[in-house]
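[1] With the input below, show me the fold.
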Amino acid sequence: MNAARVDEVVGEFVNLKKRGVNLLGLCPFHNEKTPSFTVSPAKGIYKCFGCGKAGNSVNFIMDHESLSYPEALRYLADKYNIEIEETVLAKEEIEQKTERDSLYILMSAAQKYYSERLHEDEEGKTIALTYLKERALTPKTIEGFQLGWSSLGRDDFSQWAIKNGYNREYLVKTGMSFETEQGSLFDRFRERIMFPIHNIAGKIVGFGGRILRSNAKEAKYINSPETDIYNKSKILYGLFQARKAIRQRDEALLVEGYMDVLALHQAGIEHAVASSGTSLTDDQLRLVKRFTDNITFLFDGDAAGQKAALRAIDMALELELNVKMLLLPADHDPDSFVKAYDIEYVEQYFKDHSQNFIAFRIGLLPEDVLRDPIKKSEIVREMLNSVVLIKDIIKRNLYLREISKLLDFDEKVLNDELRRMAASKFKKDNKAPDLTLAEPQVISQEQAIRSQATAVNQEKQLLKVLLLYGSRMYTDDMTSAQFIYRETSGMEWENDHCRILFERYREATEQENNLADVNFLIHDQPEEMRRFVYDVITERYQLSPGWEKFLRRTVVSPDANYKEEVKSAIGYLKFTKISKIVEENQKGVALLETDEAIDELFMLQQVLLNMRKQLAVELGIG
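    Next up, the predicted model:
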């Protein structure tokens, strides 16, 4: 746990950017365009303010990779080269194995099987390995991408899997085998080069298969079907191998096929990925955005490639990606291009010929279109439909200037039309839903709910300062935790989570455990409790450094001013609790039957009001 820094672990999957003392990125657990996923290295936690997901480095691996707690620990131990001594799985661990785990295990076994067929079977060596060598793929590339070969036999893999104890149910569920009405199994992949498809964590979720016979009646490429672990629209081929290079270059290169990815990686262009087996989707682009905001599309120059490129542009702009387009010479695809030239020339060509999407679209137009006013106006409107998707005003204006310059069009007219389009789009995107007015509530009930909500918020604030600063000294002989417990002795809690955590913290204090570690308190608590704690201690917003210039003075952070934070949290909670008692006493006067009882209540009320007034003065709200 000490070695597995949350920013390093999460950073393997999410593109994080510095935001004050924290890091910010797009949440990997739900689709979002504006980053709300916050990582706090100092606290060792993450928190999404969009979907509510929260936890530490182990929780992240568990949720992201669908692993059990022990499996997540093994994952991190392997990442940080920490040896774990274990001889056999415990009964509890075996019971935690899910169907998804079984599917992953089967797919991994299938990859090893196909790789062995490629290198050990005579058929694999003479047909498949020879073909791969003819395509100039090196042993390092073949091994790195775990390529394989499916033999000619119609049930070779299925029989091997059954013989080695793999469940026939999972063979069918992964799509590796078909089952006939008579119960026989047949292989989906036969006589094909096998391309394992990895998810972002490196687990094999599916396969692509390329047939080598030129006269075959079957499709040239086939893919695994959709399964519980393989969603084609959410997978990019090669992303697992490319993610580090994408981060280093701060750019992703999107191509069309498996062989394109292999050839580019082998040539040293390791930030290439492909959307093989499906048309490009929003989810695939969101995967890219987790690692970089910059994407270059490298499509074929034919009509189909151009159509795919134009569709991809708008999708990427909608997700606030910076888009460039790249066309190769007409007689080349990425595979042939990197084989024809050395890497220095290829890199320079890519750099010199990458275009913004405006220049790319204009470059595709025939001359007669540019001479025809009607056709030219239609093209301008299509381009503005793309530009209006860009949220950054400066980028919008730069693209408008580009259209004006390249198409010789009045920039003011373009700007007016774009503003009209933007207004129309805003109204469409923000159409108010039909609302049904709720029944009016009784005022006293509203006050009670509001009062309770305020009390719970103050309890959360006190819990926050306890968790963050409890182990720090409040006085020379008293910790902040001891001071908090002294000041809140006998208090009744509105929120059960707060009450439980205060009790656990007190027990830990008495046992002299390490109180600074929040994870110590919640390591054995349910997901609901963990999420509650991370929600309490995570700040969504931070004060911008610009405020210090505006105020012309140094702004002291809560961490540096923790004693005031402790004092303030206790004061506001007391003020809220006293106010609630005062309200209840006022309502209870009418229920009293004797003058003595009423006098006694009034005396108590006067004491409470004086206490509240004093607290208000101390808190600066009186």
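[2] Could I get the pLDDT score of R19?
    pLDDT recorded at R19 is 80.
[3] Now do it: how many residues are near it, please.
    Neighbours of R19 under the rule other C-beta atoms under 10 Å: 15. Heads up, the C-betas are built off the backbone N, CA and C, glycines and all.
[4] can you give me phi and psi for it?
    With angles defined as degrees, to the nearest 10, R19 sits at phi -140, psi 90.
[5] That one bridge partners, please.
    Note on R19: beta-bridge partners by DSSP bridges are N22.
[6] Which of the helices and strands in the protein ranks last by mean pLDDT?
    Lowest mean confidence among the helices and strands of the chain (mean pLDDT, DSSP states H and E): helix 91-96, at a mean of 49.
[7] Setting the sequence-adjacent residues aside, check what's closest to A263.
    Sequence neighbours aside, D335 is the residue nearest to A263 in space, at 4.1 Å (criterion: C-beta to C-beta, 6 or more residues apart in numbering).
[8] could I have stretch 159-173 exported to CSV, CA atoms only?
    Output of stretch 159-173 as CSV, limited to C-alpha atoms (Å, rounded to 0.1, in the frame of the first residue of the first chain):
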residue,chain,number,x,y,z
GLN,A,159,-11.2,-30.4,-28.2
TRP,A,160,-7.9,-29.1,-26.7
ALA,A,161,-9.8,-26.9,-24.3
ILE,A,162,-12.2,-29.6,-23.1
LYS,A,163,-9.3,-32.0,-22.7
ASN,A,164,-7.5,-29.5,-20.5
GLY,A,165,-10.5,-28.9,-18.3
TYR,A,166,-12.0,-25.7,-19.6
ASN,A,167,-15.7,-25.4,-19.3
ARG,A,168,-17.7,-25.8,-22.5
GLU,A,169,-20.1,-23.2,-21.3
TYR,A,170,-17.4,-20.6,-21.3
LEU,A,171,-16.1,-21.7,-24.7
VAL,A,172,-19.5,-20.8,-26.1
LYS,A,173,-19.9,-17.6,-24.0
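[9] Centre of the chain to it, how far?
    Chain-centre distance of stretch 159-173: 34 Å, with C-alpha atoms, centre = their mean, to the nearest Å.
[10] now the helices: where do they sit in the stretch 401-550 of the chain?
    Under the criterion DSSP state H, counting those that start in this stretch, the stretch 401-550 of the chain contains helices at 411-429, 443-469, 480-487, 496-510, 518-522, 527-537, 546-551.
[11] which stretch among these comes nearest P225?
    helix 527-537 (31.7 Å; C-beta to C-beta).
[12] pLDDT on the closest one, on average?
    Per-region confidence: helix 527-537 scores 75 on mean pLDDT.
[13] circling back: I'd say the residue nearest to A263 and M259 touch.
    Yes. Counting by C-beta atoms under 8 Å, D335 touches M259, with 5.2 Å between them.
[14] Domains of this protein: list them as residue ranges, please.
    For the chain, automatic domain parsing gives the domain ranges 6-95, 99-230, 239-428, 451-619.
[15] By mean pLDDT, show me the worst of the ones you listed.
    Among the domains of the chain, domain 451-619 scores lowest, at a mean of 73.
[16] What segments of the stretch 51-200 of the chain are strands?
    For the stretch 51-200 of the chain, the strands defined by DSSP state E, counting those that start in this stretch cover 54-55, 148-150, 177-179, 185-187, 192-198.
[17] got CSV for those strands, with distance to Y534 too?
    Formatted as CSV, those follow (distance: least, C-beta to C-beta, whole Å):
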stretch, distance to Y534
strand 54-55, 3
strand 148-150, 43
strand 177-179, 43
strand 185-187, 47
strand 192-198, 30
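[18] Return the most buried member of those.
    Using mean count of other C-beta atoms under 10 Å, the stretch among the strands of the stretch 51-200 of the chain with the largest mean neighbour count is strand 148-150, at a mean of 27.
[19] which helices and strands sit right next to the helix or strand containing A316?
    Assigned by DSSP states H and E, A316 belongs to helix 303-318. Applying 3 or more C-beta pairs under 8 Å, 6 or more residues apart in numbering; DSSP states H and E, one finds that helix 303-318 contacts helix 282-289, strand 294-298, strand 322-326, helix 357-363, helix 373-387.
[20] circling back to that earlier point, phi, psi for the residue nearest to A263 please.
    When read as degrees, to the nearest 10, the backbone of D335 gives phi -60, psi -50.
[21] How many neighbouring residues does it have?
    22.
[22] all helices of the stretch 151-300 of the chain, in order?
    For the stretch 151-300 of the chain, applying DSSP H, counting those that start in this stretch gives helices covering 156-163, 168-173, 239-249, 258-267, 282-289.
[23] Reformat those as JSON lines; add mean neighbour count and distance to I229.
    Shown next, in JSON lines, are the helices of the stretch 151-300 of the chain (neighbours: other C-beta atoms under 10 Å; distance: least, C-beta to C-beta, whole Å):
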{"stretch": "helix 156-163", "mean neighbour count": "18", "distance to I229": "17"}
{"stretch": "helix 168-173", "mean neighbour count": "16", "distance to I229": "9"}
{"stretch": "helix 239-249", "mean neighbour count": "19", "distance to I229": "14"}
{"stretch": "helix 258-267", "mean neighbour count": "24", "distance to I229": "19"}
{"stretch": "helix 282-289", "mean neighbour count": "20", "distance to I229": "15"}
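[24] From S579, how far off is the residue nearest the centre of the chain?
    Centroid-nearest residue in the chain, with C-alpha atoms, centre = their mean: P28, separated by 1.3 Å. Going from P28 to S579 by C-beta to C-beta, to the nearest Å gives 43 Å.
[25] ok, back up a step: so which of the helices of the stretch 401-550 of the chain gets nearest V39?
    Here helix 527-537 is closest among the helices of the stretch 401-550 of the chain (C-beta to C-beta), at 11.3 Å.
[26] and the helix or strand containing E347 with strand 322-326, angle?
    According to DSSP H and E, E347 maps onto helix 343-353. Computed by axes from the mean of the first three to the mean of the last three C-alpha atoms, to 10 degrees, the angle separating helix 343-353 from strand 322-326 equals 120 degrees.
[27] start at 5 instead
    All right, first residue 5 from here; so that's helix 347-357.
[28] In contact with the residue nearest to the centre of the chain, which residues are there?
    In this structure, P32 makes contact with F17, V18, F41, H68, R294, judged by C-beta atoms under 8 Å, 6 or more residues apart in numbering.
[29] and if you look at S381?
    Per C-beta under 8 Å, 6+ apart, neighbours of S381: none.
[30] just the one 5 residues further on next, same as before
    With contacts defined as C-beta under 8 Å, 6+ apart, the neighbours of E386 are R365.
[31] go on, A113?
    With C-beta under 8 Å, 6+ apart, A113 has these contacts: A165, N168, Y170.
[32] Pick the one among the residues you listed closest to P45.
    P45 lies nearest to Y170 out of these, by C-beta to C-beta, at 42.2 Å.
[33] That closest one against M111, yeah?
    No. Counting by C-beta under 8 Å, M111 is not a contact partner of Y170; they are 10.5 Å apart.
[34] Neighbour count for the two, which is higher?
    Shown here are Y170 and M111; by other C-beta under 10 Å, M111 has more neighbours (24 against 20).
[35] so that one touches G179, yeah?
    No. Look at M111 against G179 with C-beta under 8 Å: they stay out of range, at 10.0 Å.
[36] Please identify every residue contacting each of these two.
    With C-beta under 8 Å, 6+ apart as the test, M111 and G179 both reach G210.
[37] what about D160, distance to R192?
    Separation of D160 from R192 (C-beta to C-beta): 12 Å.
[38] tell me the contacts of F361?
    Neighbour list for F361: I317, L321, V327, K328, M329, S390 [criterion: C-beta under 8 Å, 6+ apart].
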